[in-house]
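> Here is my input, please return the structure:
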Amino acid sequence: LLLQYHESAAIINNTFIGGRGQDYAILMAIGDGTRYPYPYTIIENNAIVDYEKAGVLILCPLICDFIQSTDFTIQHNNTWSNARDYLFTENLTTRVYPTVNSPRWSSYLSKVMLPVAKTQYDPTAKNGNISKDPLFVNARAGDYHERTGSPHVDAGNPRSDFSLELQPNGGRVNMGAYGNTLEATLSR
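Below is the predicted model of the structure:
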């Protein structure tokens, strides 16, 4: 899923399943110094499982160092069994190849490594994010409903709507694609 810098988005209650050759579930491209879309991008109540790198990658050419965790909202997600989970701790870098004609600047800039991306994840549960086995019914057969006892049950944002979930629903939405649906796993 690619989110462009000029587009706002709400990615809520989805289940993303990776696999061989799948690096990221969500790729956010932020650029041009345009700050207006950040507060309107929310990634919430999702399950992001089995990606070879990380669940969410934020591309931010030239402005990575200025991006704060408050520039967008990523909360109450489960990233499980991804190769790496980060909260702004890894910068991916690239060489800058200048378009200037000055030999002096060309020599300098061709050696500079600039951050072009950061990976986003909160393993501390500070924002309700977790990294736990979702206990799918049968992932190999493509059944991504959660079994009873799944950490997704009643773990979504406490302010999210849960009215479509059958009783007992714990008064809180489930994470993943079946949260706030008639197919949501019941609370104990």
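> Identify each buried residue in stretch 156-166, please.
Neighbour-count burial for stretch 156-166 flags 156-157, 160, 162, 165 (criterion: 16 or more other C-beta atoms under 10 Å). Yep, even glycine has a C-beta here, placed from its N, CA and C like the rest.
> can you redo those as CSV with pLDDT and distance to Lys132?
Shown next, in CSV, are the buried residues of stretch 156-166 (pLDDT from 0 to 100; distance: C-beta to C-beta, whole Å):
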residue, pLDDT, distance to Lys132
Gly156, 96, 14
Asn157, 95, 17
Ser160, 96, 19
Phe162, 97, 20
Glu165, 98, 20
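> you'd agree Arg140 is in a strand?
No - remark: Arg140 does not belong to a strand; assigned using DSSP: H, G, I helix; E, B strand; the rest coil, it is helix.
> Got the confidence number for it?
At Arg140, the model reports a pLDDT of 93.
> go on, the one 4 residues further on?
At Tyr144, the pLDDT value in this model is 97.
> and it, what does it touch?
15, 17, 47, 134, 136-137, 176-178 (C-beta atoms under 8 Å, 6 or more residues apart in numbering).
> Strands - which of those land there?
15, 17, 47, 136-137 (DSSP state E).
> closest to Ala83 among those residues?
Within the ones in strands among the contacts of Tyr144, distances to Ala83 taken as C-beta to C-beta reach their minimum at Ile17, with 14.6 Å.
> Tell me the spacing between that closest one and Gly55.
Look at Ile17 and Gly55: by C-beta to C-beta, to the nearest Å, they are 11 Å apart.
> ditto for Pro134
Pro134 is 13 Å from Gly55, by C-beta to C-beta.
> Which one of the two is surrounded by more residues?
Between Pro134 and Gly55, Gly55 has the larger neighbour count (other C-beta atoms under 10 Å), namely 30 against 22.
> and whatever helix or strand that one lives in, what's its mean pLDDT?
Gly55 is located in strand 54-59, with elements delineated by DSSP states H and E. Average pLDDT, strand 54-59: 76.
> tell me which residues of it are tucked away?
With burial defined by 16+ other C-beta under 10 Å, the residues of strand 54-59 counted as buried are 54-59.
> which of the residues you listed lies closest to Ile43?
Among the buried residues of strand 54-59, Val56 lies closest to Ile43 (C-beta to C-beta), at 6.5 Å.
> Tell me where the model's unsure across this structure.
For the chain, the stretches flagged by pLDDT under 70 are 4-7, 30-40, 60-71, 84-125.
> quick one: the strands in it?
Listed in chain order, the strands found in the chain under DSSP E are 2-3, 10-12, 15-17, 24-29, 42-44, 47-49, 54-59, 73-75, 78-80, 91-95, 113-119, 136-138, 143-146.
> Deepest in the core, which of these is it.
Mean neighbour count, computed with mean count of other C-beta atoms under 10 Å, is highest for strand 47-49 among the strands of the chain, reaching a mean of 27.
> Using JSON lines, please lay out the strands of the chain together with distance to Ile130.
JSON lines is the format used below for these (distance: least, C-beta to C-beta, whole Å):
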{"stretch": "strand 2-3", "distance to Ile130": "22"}
{"stretch": "strand 10-12", "distance to Ile130": "16"}
{"stretch": "strand 15-17", "distance to Ile130": "14"}
{"stretch": "strand 24-29", "distance to Ile130": "15"}
{"stretch": "strand 42-44", "distance to Ile130": "13"}
{"stretch": "strand 47-49", "distance to Ile130": "10"}
{"stretch": "strand 54-59", "distance to Ile130": "12"}
{"stretch": "strand 73-75", "distance to Ile130": "11"}
{"stretch": "strand 78-80", "distance to Ile130": "5"}
{"stretch": "strand 91-95", "distance to Ile130": "25"}
{"stretch": "strand 113-119", "distance to Ile130": "17"}
{"stretch": "strand 136-138", "distance to Ile130": "15"}
{"stretch": "strand 143-146", "distance to Ile130": "13"}
